[in-house]
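In: sequence unknown, structure follows:
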């Protein structure tokens, strides 16, 4: 952060101490600002670019499988900053510097300086950037540039695509890192070596690097918060990627990666776009591999690449064309890892004893060994090998060195029929990698998505041209088009399909709130905090809210699915399960209603954890110290099967006690107790019990 921010923060502390007037408010505001800046510091350490599209993506996708242990130093630093952020509240006890006079003037100066500090801080800059990126953009001008290959391939060689985690070509610089990458440098001289390959916005983290290189589109956060991956049926269903095309051409597609495939929804992407076999951390854990071969992120690269070679031999012997994709992991930021095969690998550097340099030297040896084995095998003549970085390195122990260099991604093609050549791209990004690979298979195919083959002269207009020239306004159109690939164009019809809502081409698990603007364009899709989003939505927009009928009805509900449509002209309509399964049009006329806008409820778990329950008759007793003023729904649910065992509209007695009978017909491993409340209602359950009874249950 700029020195002016530090100076402003120091001045804010002085103004806090000068006067006791509104001291608690001043201390609270200063602490909030410090906490926000501390959070930004942590995010910037992880992303290298503050709060950006990668931050939004990871916040909205599954974080399972992240190697949190690798970032312990950052987390400890963040905890320290949080403690410091609370010091303004502690300084309220210090009285010696306070002056009772001119308190309001001091408060006015404090407020003005606080706002100025916020506007000068990266919080405002990043927030403005994200806001601009999420604004609706007319992408019709660039839509014709989106190309889908359909021609049959002239030849069908096997493809082995090796992604080196953060393995940018900058590390090949002999002046800065002498002798660090001797083997990959040798391979670069034996194949097509593309230079000056940048990372466009939306391609700078692993899953985004896979999407940009294979699909020719940037990975964007879609409307609203629809990137809650666990609730989306398919990953970018409207995109047509390299795996989809190769599958059409008779290829089988296979992936091997040492990390958890659920992290950032890599497995969802691969399964949605032509991959037949995805082997990730879970698969390796089932292979009886010793624990020493695993890091915080997953299996080490020596094991991964050995198994990749074995898989290459198996697939080659089958006679069917294939693409085998491998993603390494041991050069992951911030410090990398050394596998067992490289435990004695050391790189002596003028930059100091940095573990990441050892990991990079190891990766150079392991990746080149795999490539050499493939090229010397009996199947070499029919194999195209691609070695590429998934993205530029994120903040790591070498950032202070890398930031002084010209950064570029690695993109290298090797095949016995390819003549060695170094090609300097005039306007190339990872968006163009897949298109370049396709033209090596067939000279007549030079595009996929917005990607263009780097074997041809740079086009006058393309996503890469806009990205590398800094033309953010034009590039925003490409990003907006990519955002539309999550749902497609036809989003005014909703249909229930196997308890999922079909929105355009995407299946979404309810509850879901859809917000349409006055032109009937889908503005936002909300999957989290939907009842609150319903209350906060623009009153000029039409809303479609899909959930169990319990969310909308008092006293009696059929337990099935309902859709509530609401518009700005006091129009409303509730569609029921049978109508939803046939399909409803969100732009259909609604029925007038009077009174305040309705509120909706959302299911909240009030039991501490799922519990095993044997068949029998029970009475559920709850004791609620804090509860809504009106009645509400309570239900018992077998969560894995999403089956409602019992449901009752309840009104607690004067002591906050609720009694609900329920019957269990079969053994349940995961019985949960839930309440249906709107976002403003509070329910604090002190205790609950599930008591056996001989009474006949009712629901």
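Out: Okay, I see it. Just so we're clear, the structure is a prediction, and the values are computed from it rather than from any experiment.

In: contacts, neighbours, all on C-alpha from now
Out: OK.

In: Just name whatever secondary elements the biggest helix by length in the chain is in contact with.
Out: Using DSSP state H to define each element, the chain has its longest helix at helix 23-47. Applying 3 or more C-alpha pairs under 8 Å, 6 or more residues apart in numbering; DSSP states H and E, one finds that helix 23-47 makes contact with helix 3-18, helix 53-60, helix 72-85, helix 87-90, helix 103-120, helix 122-134.

In: Give me the phi and psi angles of the closest residue to residue 548 other than its chain neighbours.
Out: Distances taken as C-alpha to C-alpha, 6 or more residues apart in numbering place residue 561 nearest to residue 548, at 4.3 Å, with adjacent residues excluded. Torsion angles at residue 561 (phi, psi; degrees, to the nearest 10) stand at phi -90, psi 140.

In: State the distance from residue 561 to residue 544.
Out: 13 Å (C-alpha to C-alpha, to the nearest Å).

In: Please apply the same query to residue 282.
Out: For residue 282, the distance to residue 544 - C-alpha to C-alpha - is 38 Å.

In: Kindly report the same for residue 562.
Out: 10 Å.

In: For residue 486, which non-adjacent residue is closest in space?
Out: residue 236 (4.5 Å).

In: Tell me, how many residues neighbour the one you found?
Out: 27 (other C-alpha atoms under 10 Å).

In: contacting residues around it?
Out: Taking C-alpha atoms under 8 Å, 6 or more residues apart in numbering, we find residue 236 in contact with 269, 272, 485, 486, 487.

In: and the first one, that's in a helix?
Out: Right, residue 269. Yes - applying DSSP: H, G, I helix; E, B strand; the rest coil, one finds residue 269 inside a helix.

In: Grab the nearest non-local neighbour of it.
Out: residue 235 is the one closest to residue 269 (C-alpha to C-alpha, 6+ apart), at 5.2 Å.

In: roughly how far apart are that neighbour and residue 518?
Out: Distance, residue 235 to residue 518, using C-alpha to C-alpha: 28 Å.

In: Over to residue 552?
Out: Distance from residue 552 to residue 518, by C-alpha to C-alpha: 24 Å.

In: Among those two, which residue is more densely surrounded?
Out: The neighbour comparison of residue 552 against residue 518 (other C-alpha under 10 Å) goes to residue 552, with 20 against 12.

In: quick one: that one and residue 602 touch, right?
Out: No - counting by C-alpha atoms under 8 Å, residue 552 sits too far from residue 602 to count as a contact (9.3 Å).

In: just to revisit the earlier point, SS state for the residue nearest to residue 269?
Out: Applying three-state DSSP: residue 235 is coil.

In: residue ranges of the helices in the stretch 351-500 of the chain, please?
Out: 355-375, 399-402, 433-441, 463-469, 472-484 (DSSP state H, counting those that start in this stretch).

In: May I see those helices arranged in JSON lines, with mean pLDDT as well?
Out: Formatted as JSON lines, those follow (pLDDT from 0 to 100):
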{"stretch": "helix 355-375", "mean pLDDT": "96"}
{"stretch": "helix 399-402", "mean pLDDT": "89"}
{"stretch": "helix 433-441", "mean pLDDT": "97"}
{"stretch": "helix 463-469", "mean pLDDT": "95"}
{"stretch": "helix 472-484", "mean pLDDT": "91"}
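
In: residues touching the nearest residue to residue 551 once chain neighbours are set aside, list them.
Out: Closest residue to residue 551 apart from its sequence neighbours, by C-alpha to C-alpha, 6+ apart: residue 601 at 4.5 Å. Listed by C-alpha under 8 Å, 6+ apart, the contact partners of residue 601 are 531, 550, 551, 552, 676, 677, 678, 679.

In: Let me see the backbone angles for residue 601.
Out: Backbone torsions of residue 601, given as degrees, to the nearest 10, read phi -110, psi 160.

In: which stretches of the chain have low pLDDT?
Out: Judged by pLDDT under 70, the chain has its weakly predicted residues at 1-2, 47-71, 93-102, 132-136, 221-231, 694-699.

In: What are the boundaries of the helices in the stretch 551-699 of the chain?
Out: Ranges of helices in the stretch 551-699 of the chain, per DSSP H, counting those that start in this stretch, are 577-582.

In: What's the end-to-end length of stretch 581-593?
Out: OK, stretch 581-593 end separation, C-alpha to C-alpha: 25 Å.

In: Distance check, residue 608 against residue 563.
Out: Taking C-alpha to C-alpha, one finds residue 608 at 30 Å from residue 563.

In: These two: which is more packed in?
Out: Shown here are residue 608 and residue 563; by other C-alpha under 10 Å, residue 563 has more neighbours (28 against 11).

In: what sits against the more buried one?
Out: By C-alpha under 8 Å, 6+ apart, the neighbours of residue 563 are 544, 545, 546, 547, 549, 574, 575, 576, 580.

In: Is it possible to get CSV of those residues that adds neighbour count and distance to residue 369?
Out: As requested, those are exported to CSV (neighbours: other C-alpha atoms under 10 Å; distance: C-alpha to C-alpha, whole Å):
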residue, neighbour count, distance to residue 369
544, 22, 56
545, 25, 55
546, 28, 54
547, 26, 54
549, 23, 60
574, 17, 63
575, 16, 62
576, 17, 61
580, 20, 57
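
In: Mind checking which of these land in strands?
Out: 544, 545, 546, 547, 574, 575 (DSSP state E).

In: which one of these is nearest residue 622?
Out: Ranked by distance to residue 622 (C-alpha to C-alpha), the ones in strands among the contacts of residue 563 are led by residue 547 at 25.2 Å.

In: ok, so what distance separates the closest one from residue 453?
Out: According to C-alpha to C-alpha, residue 547 and residue 453 sit 46 Å apart.

In: same thing with residue 424?
Out: Distance from residue 424 to residue 453, by C-alpha to C-alpha: 13 Å.

In: Now flag whichever of the contacts of residue 236 is closest to residue 218.
Out: Residue 218 lies nearest to residue 485 out of these, by C-alpha to C-alpha, at 10.8 Å.
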